[in-house]
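> structure for this input, please:
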Amino acid sequence: MKITKVESFVLHVPITPPITDAINAATHWGLTGVKVYTDEGFVGCGYTGTCAHGDDLIAATIDRYYAPELIGKDPFMVKELWDAMRYGKMHWVGRAGIAHMALAAVDIALWDIMAKAANKPLWQYLGGHKSKGIRAYNTNGGWLNWPKERLLKDVAEIVEQGFAGVKIKVGKPDPREDYDRVKAVRETIGEQPILMIDVNQQWNINTAMTWGKRLEEFDLFWLEEPLNPDDIAGHKKLADALNVPIALGEHVYTKYAFRDYMQQGAVEYCQADVTRVAGITEWLQVAGLAAAYDIPLCPHVGDMGQIHQHLAAATPGAIMLEYIPWIRHIFEEPATVISGMYRLPERPGASTDIVPRYYDEYRVR
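Got it, this is the predicted structure:
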C-alpha cells in the first residue's frame with residue numbers, strides 16, 4: 001500500500017451557546033486535519049482540536065513540511081514516518097505546539113488507515129481491553145460563563161442521565177465565588193457522584209495552596225490544571241500539600257514532559273490528549289509511562305472523544321473518559337454515551353470520518 005495524496009482541511013463547528021473557561025472563550029471548535037489517500041482505496045482522516053485560532057498555521061505545517069514526507073510511502077510504516085516528520089525540517093523551530101498538533105493529525109490519519117485495512121475498529125486493532133464500554137464523566141454543564149442557576153440545573157441533569165460525575169470550571173477573579181459555586185454543585189448532586197474542578201491554569205501557587213486546601217471539604221475527585229503547565233515544581237508542591245489529586249495533561253505536549261511530571265510526583269491523573277502529543281504513536285508511549293508509574297489515565301478530549309474512546313478502550317490504565325458533545329453530529333459514527341458509558345465503536349477505523357455535508361458546510365477555505 002502506498003500513499004498517493006495528502007489533503008489538509010480546516011473546519012469551524014459552531015458551539016451553541018458559546019462557552020468560556022478561565023483562559024479561553026470559544027464560539028467555534030476548530031478541527032484542523034488531513035485526509036491521506038492510498039492506492040488501495042483506503043482514506044485516513046485525522047485532526048487536532050483548537051478554539052478556532054491558529055488553524056491556518058497547523059494546516060500550513062501539514063502541507064509544506066509533513067505531506068512531502070508521506071507521498072509514496074507505506075502507511076503501515078507509521079513509526080518510521082513519525083520519526084521522519086518529528087525529526088525533520090520542523091524540529092528546529094517546533095518540538096511542541098503547532099508542530100506537534102499538525103503531526104498528531106497526520107499520525108491519527110495513518111492509524112485510521114491501518115485499522116480500516118485490518119477491518120477493525122481502532123480499539124480492537126490496538127488490542128481491546130474494555131469490551132463493555134468506558135465510563136464517562138461530563139464537562140459540558142460546568143462552564144464559567146454559566147450563571148449559577150444554569151450551572152446547578154445542568155449538573156443535576158447530567159447526574160440524572162447516569163454520568164459518573166461532573167467537571168466544572170473555576171478561576172473567577174474572586175475565588176470566593178468559585179467556592180460558592182463548588183459548594184452549591186456538591187449540594188445539588190449529592191455525595192455520591194464524582195465532582196472535579198478545572199482551573200485552566202488561572203491560579204498562582206499561593207492561590208492554589210489556599211483555595212485548593214479550602215475546597216477539599218467538597219470531596220473533589222481532582223484539581224485540574226491549577227498552574228501554568230510548564231511549572232512542574234509548583235505542581236509537585238501542590239501534590240505534596242493537598243489531599244485533592246492533581247490532574248493535568250491537555251497542555252503537555254511531549255512524552256518527555258510527562259516523564260518529568262511523573263518522576264517528580266507532580267501529576268496524579270494523567271490527561272494526555274492525542275491531539276496535543278504527536279498523535280496515537282506518542283500517546284501510546286505516554287500511556288506506557290503512566291502504567292509504569294501506576295498513574296490512571298483520563299484523557300482530555302481535544303478530539304471531543306472520537307479517537308480517545310478507542311484509546312481508552314484499548315488501555316488498561318484508562319479509567320474514565322471526558323464527554324463534550326459539541327461536534328459529534330458531524331461524524332459518520334459519533335461518539336455516543338448511554339447511561340453513563342461510552343458505547344464502543346463498531347466501524348473499522350478511528351471514528352474520524354466526517355459526514356460530507358458537514359465537511360462542506362463548516363470548511364474554512
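> ranges for the strands of the stretch 1-150 of the chain?
In the stretch 1-150 of the chain, the segments counted as strands under DSSP state E, counting those that start in this stretch are 3-20, 25-38, 43-50, 134-138.
> okay, now the domains of the chain?
The chain breaks down into these domains under automatic domain parsing: 3-119+356-361, 123-342.
> closest to Ala350 out of these?
domain 3-119+356-361 (4.1 Å; CB to CB). Any C-beta I mention is one placed from the backbone N, CA and C, and that applies to glycine too.
> so for the closest one, mean pLDDT?
Averaged across domain 3-119+356-361, pLDDT comes to 95.
> buried set for stretch 166-184?
Within stretch 166-184, the residues that count as buried by 16 or more other CB atoms under 10 Å are 166-171, 175, 178-179, 181-182, 184.
> in stretch 234-241, which residues are buried?
So for stretch 234-241, counting by 16+ other CB under 10 Å, buried means 234-239.
> just put those residues in CSV and tack on distance to Asp219 and pLDDT.
Formatted as CSV, the buried residues of stretch 234-241 follow (distance: CB to CB, whole Å; pLDDT from 0 to 100):
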residue, distance to Asp219, pLDDT
Gly234, 24, 97
His235, 21, 97
Lys236, 23, 98
Lys237, 22, 97
Leu238, 18, 97
Ala239, 18, 97
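> residues contacting the spatially most central residue of the chain?
Against the mean C-alpha coordinate of the chain, by CA atoms, centre = their mean, the closest residue is Val301 at 2.5 Å. Going by CB atoms under 8 Å, 6 or more residues apart in numbering, Val301 touches 273, 308, 321-324.
> of those, which is the nearest to His12?
With CB to CB as the yardstick, the closest approach to His12 among the contacts of Val301 comes from Ile324, at 16.2 Å.
> buried deepest among the strands of the stretch 1-150 of the chain, which one?
strand 43-50 (a mean of 26; mean count of other CB atoms under 10 Å).
> and that one, what does it pack onto?
Applying 3 or more CB pairs under 8 Å, 6 or more residues apart in numbering; DSSP states H and E, we find strand 43-50 packed against strand 25-38, helix 98-117.
> helices and strands around the last one, which ones?
Helix 98-117 makes packing contacts with strand 25-38, strand 43-50, helix 55-61, helix 78-86, helix 122-125, helix 279-292 when contacts are defined by 3+ CB pairs under 8 Å, 6+ apart.
> angle of that helix against strand 3-20?
120 degrees (axes from the mean of the first three to the mean of the last three CA atoms, to 10 degrees).
> what do you get for the first one?
Inter-element angle recorded for strand 25-38 and strand 3-20: 170 degrees (by the same axes, to 10 degrees).
> partner strands of strand 25-38 and their direction?
strand 3-20 (antiparallel), strand 43-50 (antiparallel) (DSSP bridges).
> just to revisit the earlier point, quick one: which two of the buried residues of stretch 166-184 are the most distant?
Val166 and Pro175 (19.7 Å).
> rewinding a little: restricted to strands, list the buried residues of stretch 166-184.
166-169 (DSSP state E).
> which among the residues you listed gets closest to Met85?
Lys167 (33.3 Å).
> number of nearby residues for the closest residue to that closest one other than its chain neighbours?
Computed as CB to CB, 6 or more residues apart in numbering, the closest residue to Lys167 that is not its neighbour in sequence is Met196, at 4.1 Å. Met196 has 23 neighbouring residues, counting by other CB atoms under 10 Å.
> again, but for Pro356
So Pro356, with other CB under 10 Å, has 9 neighbours.
> do the one 3 residues further on as well
When neighbours are defined as other CB under 10 Å, Tyr359 has 16 of them.
> picking up where we left off before, which of the buried residues of stretch 234-241 fall within helices?
234-239 (DSSP state H).
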